[in-house]
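K.L.:
Starting from these lines, generate the structure:
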Amino acid sequence: MASAESPAQAAPVSRRAQFLKRYLAVTTPIMSGLALVYLGVYTLQSMLYRPDQAWYGWATAFGYLLWVVFLCDLTLRFVVTKPKRGFFRANWLDTITVVIPQLRALRALRAFTSGGILARKGKGVFSGKAITTAALSAVIIIWVGSLMVLNVERTAPNATITTLADALWWAAETVTTVGYGDMIPVTWAGRIIAVFVMIFGIATVGAVSAGLAATFVKQASTTPAPADEVLAELARLQTMVAQLEQKIGVQPAPAAESAAPEPSPSA
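P.N.:
Residues are numbered from 1 along each chain as shown. The predicted structure follows:
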């Protein structure tokens, strides 16, 4: 039989867990805020596309600096977390945006997840009563997806997505799975981005739909039927009558018996 772990062996694990809890409490809002800052810089670069100007280069360098910060944060949490199995699956959004730097603008969704600076009362996108948050996340996905695909498509030969308006229209029809086919990515980078926009978009729009359906079902289940209201009122009246009879000392009437048969006429 395996011996129990000694206090000396369990202490480092406990201290590590406490450190990770404090670290996440402090850094989660900061990291989600930095993701929103990067989204603002990325938006400015996409709308005012000036790769030959100095400010554009500084903004690009700032974006890579934030990617290094996100990489260090993910690495530190991976080292401290015990056990490590399932870590990257549990932190899939952070992992994707670190492994594929071109998708780091999607990290802005961290602001809407649990502990993020835009989360509703500390709850995340898919938590209860978070329909508004999920809807905002869908808007963020459309916006980020349109910016990313615009940046990789605008200079490609035979590109159909060359303006922000085109990119927004494409992202909206992709997220909602309409897919008119009037605008499609022509580069491999654009198609990869399209896959992620589909996955994120379908998941978020599905969360909004499920939340609305759950709200309607809950309202319908809590609304009493007319027949139930009538029965409840009758039961309340019977209770009141029984209480009045007890107060005035009247015995409750016996149950009605079947009528006796009438005597047959004499012959």
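K.L.:
list the contacts for Ala108?
P.N.:
By CB atoms under 8 Å, 6 or more residues apart in numbering, the residues touching Ala108 are Ser32, Ala35, Leu36, Tyr38, Leu39, Ile140, Val144. The C-beta positions use only the backbone N, C-alpha and C, and glycine is treated the same way.
K.L.:
One more: Ile142?
P.N.:
Ile142 neighbours (CB under 8 Å, 6+ apart): Leu168, Ala171, Ala172, Val175, Gly201.
K.L.:
give me that answer again for 6 Å
P.N.:
Ile142 makes contact with Ala171, Ala172, Val175, according to CB atoms under 6 Å, 6 or more residues apart in numbering.
K.L.:
Spatially nearest residue to it, not counting backbone neighbours?
P.N.:
Ala171 (4.5 Å; CB to CB, 6 or more residues apart in numbering).
K.L.:
That neighbour and Ala165: what is the separation?
P.N.:
11 Å (CB to CB, to the nearest Å).
K.L.:
Give me the more crowded residue out of those two.
P.N.:
Ala171 (26 against 11; other CB atoms under 10 Å).
K.L.:
What distance do you get for the more buried one to Tyr38?
P.N.:
Distance from Ala171 to Tyr38, counting by CB to CB: 19 Å.
K.L.:
And Ala61, by the same measure?
P.N.:
12 Å.
K.L.:
Doesn't Gly181 lie inside a strand?
P.N.:
No: the assignment for Gly181, made by DSSP: H, G, I helix; E, B strand; the rest coil, is coil rather than a strand.
K.L.:
Low-confidence stretches in this protein?
P.N.:
1-13, 102, 110-134, 208-209, 211-229, 249-267 (pLDDT under 70).
K.L.:
which element is the residue lying closest to Thr60 once chain neighbours are set aside on?
P.N.:
In this structure, Thr60 finds its nearest non-sequential neighbour in Gln45, 7.2 Å apart by CB to CB, 6+ apart. Following DSSP states H and E, one finds Gln45 within helix 7-47.
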